[in-house]
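1. dropping a prediction and its sequence here:
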Amino acid sequence: MSEQTGTSAPGIPAEALAPGFDTQRAHSARVYNYWLGGKDNFAADREAGEQAIAANPGIVTDVRANRAFLARAVRFLAAERGVRQFLDIGTGLPTASNTHEVAQAAAPDARIVYADSDPIVLAHARALLTSTPQGATAYLDADLRDPAAILRAAAQTLDFGQPVALMLLIILHLIPDSDDPYGIVATLMRALPSGSYLVLAHPASDIRAAQMAEMTKRVNDRMSGPKATMRDRFAITRFFDGLELLEPGVVQPQQWRPEPGALSPPLVTAWCGVAQKL
């Protein structure tokens, strides 16, 4: 990764920087953006990102593998399963292969709702994530820990009488066990009809365990907002309780239905899966 200097973030619109906005502490979405090669980050985010790379040099490859999993899962659901509605919570800063771009490339009438609680994420989303004329794209300022509020607001764009794909990619590690992440996912899925899907990816505590533990500590020490809680494969699989897991089950992101002949890393520090509500 190329090192940038200073406290500015060239890609971040001024309107996103509300009075009192703290640029001295890292934020998970901006650190992730740095790992993906984006410009929407500050010096504190870049420093946290470099500390994470020092502890776990494979993290940049890993986050790109997670992004590729998102694209494959959305394309599969839109093109092969006929899903036309997506609720993407913990959107992150726009990069390539965003949910609406992949979904609407396969199905131009797809409707997507993004939800995030970071003002920079929302400012970028509203500016850059534009829908096809046939479909719709909406953006919610909402926290995953308030699923009822997300569902109320999303119902203005999505029809909860028809299947919805709930996207929770690299976000649930920011919900500690004390905030009942399993209950949050169950609440969201209960509101969706039969035929809906859960698409989930979560950083792993049991892959490169020592490196992940050190990386998590370094990033948490520099992070504003929720701290990261890594989980193992068993704990991550619990999020799919009551749902029908699609093949190949809970696997590393590069192992989930890879494109034929695609080059992929041998090891990625996350577990992911796609499951259907029957």
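-> Done, it's in.
2. list the contacts for the residue lying closest to Leu278 once chain neighbours are set aside?
-> What sits nearest to Leu278 in space, not counting adjacent residues and going by C-beta to C-beta, 6 or more residues apart in numbering, is Glu244, at 5.4 Å. (C-beta placed from N, C-alpha, C; glycine too.) The neighbours of Glu244, taking C-beta atoms under 8 Å, 6 or more residues apart in numbering as the test, are 275-278.
3. Leu140 too?
-> Leu140 makes contact with 113-116, 150, 153-154 under the criterion C-beta under 8 Å, 6+ apart.
4. and it, what element?
-> strand 136-141 (DSSP states H and E).
5. so what are the sheet partners of that strand and their directions?
-> The partner list of strand 136-141 in its sheet, established with DSSP bridges, is strand 111-116 (parallel).
6. next secondary structure after the partner strand?
-> helix 119-128.
7. quick one: average pLDDT of that next one?
-> For helix 119-128, mean pLDDT is 73.
8. list the helices and strands that helix packs on?
-> Counting contacts by 3 or more C-beta pairs under 8 Å, 6 or more residues apart in numbering; DSSP states H and E, helix 119-128 packs against helix 28-35, strand 111-116, strand 136-141.
9. give me that answer again for 6 Å
-> Here helix 119-128 touches strand 136-141, going by 3 or more C-beta pairs under 6 Å, 6 or more residues apart in numbering; DSSP states H and E.
10. would you mark the buried spots in the strand it packs on?
-> 136-140 (16 or more other C-beta atoms under 10 Å).
11. which one of those residues is nearest to Gly90?
-> For the buried residues of strand 136-141, the minimum distance to Gly90 (C-beta to C-beta) is 11.3 Å, reached by Leu140.
12. any idea how far Ile112 is from that closest one?
-> Note on Leu140: its distance to Ile112, by C-beta to C-beta, to the nearest Å, is 11 Å.
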